[in-house]
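Trainee: Sequence first, then the predicted structure, then my questions.
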Amino acid sequence: MPHSNKKSELWFVRLELEDWRQYLGTHTINFSTDPSKHLTVVHAENSVGKTTMLNAIKWCLYGTTPEFKDKIEMLG
């Protein structure tokens with residue numbers, strides 16, 4: 001089968017965290033989906049959860065995070 005030259009894109013629309021580590025309750029961030037303004041900036045003080053948010057995305061995509069190698073460990 002010949003190689004396809006189609007370009008694949010993944011656009012994050014929204015991240016919703018519910019009781020994920022220090023994010024108790026439900027927290028939502030809406031990402032920009034405007035092609036002319038395609039950047040969402042997450043700006044906050046140290047130790048408030050920016051890396052935890054990134055780790056939640058990694059867990060959704062890959063089933064693992066740098067801190068937790070086993071999904072069961074995160075849910076327990």
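Mentor: Great, that's in hand.
Trainee: ok, which stretches of the chain are helices?
Mentor: 50-62, 71-75 (DSSP state H).
Trainee: Out of those, flag the one nearest Glu16.
Mentor: helix 50-62 (9.5 Å; C-beta to C-beta). For glycine as for every other residue, the C-beta is placed from the backbone atoms N, C-alpha and C.
Trainee: Need the nearest residue in space to the most centrally placed residue in the chain, chain neighbours excluded.
Mentor: When C-alpha atoms, centre = their mean is applied to the chain, the residue found nearest the centroid is Ile57 (2.4 Å). Nearest non-adjacent residue to Ile57, counting by C-beta to C-beta, 6 or more residues apart in numbering: Leu15, 6.5 Å away.
Trainee: How about Thr28?
Mentor: Glu16 is the one closest to Thr28 (C-beta to C-beta, 6+ apart), at 4.7 Å.
Trainee: Hmm, the one you found is touching His27, no?
Mentor: Yes - judged on C-beta atoms under 8 Å, Glu16 makes contact with His27 at a distance of 7.3 Å.
Trainee: and Leu54, what does it touch?
Mentor: If a contact means C-beta atoms under 8 Å, 6 or more residues apart in numbering, then Leu54 has no contacts.
Trainee: ok, Lys50 touching Val41?
Mentor: No - with contact defined as C-beta under 8 Å, Lys50 does not count as touching Val41 (10.7 Å).
Trainee: neighbour count winner among those two?
Mentor: Per other C-beta atoms under 10 Å, whichever of Lys50 and Val41 has more neighbours is Lys50, with 13 against 5.
Trainee: can you tell me how far the more buried one sits from Ile57?
Mentor: 11 Å (C-beta to C-beta, to the nearest Å).
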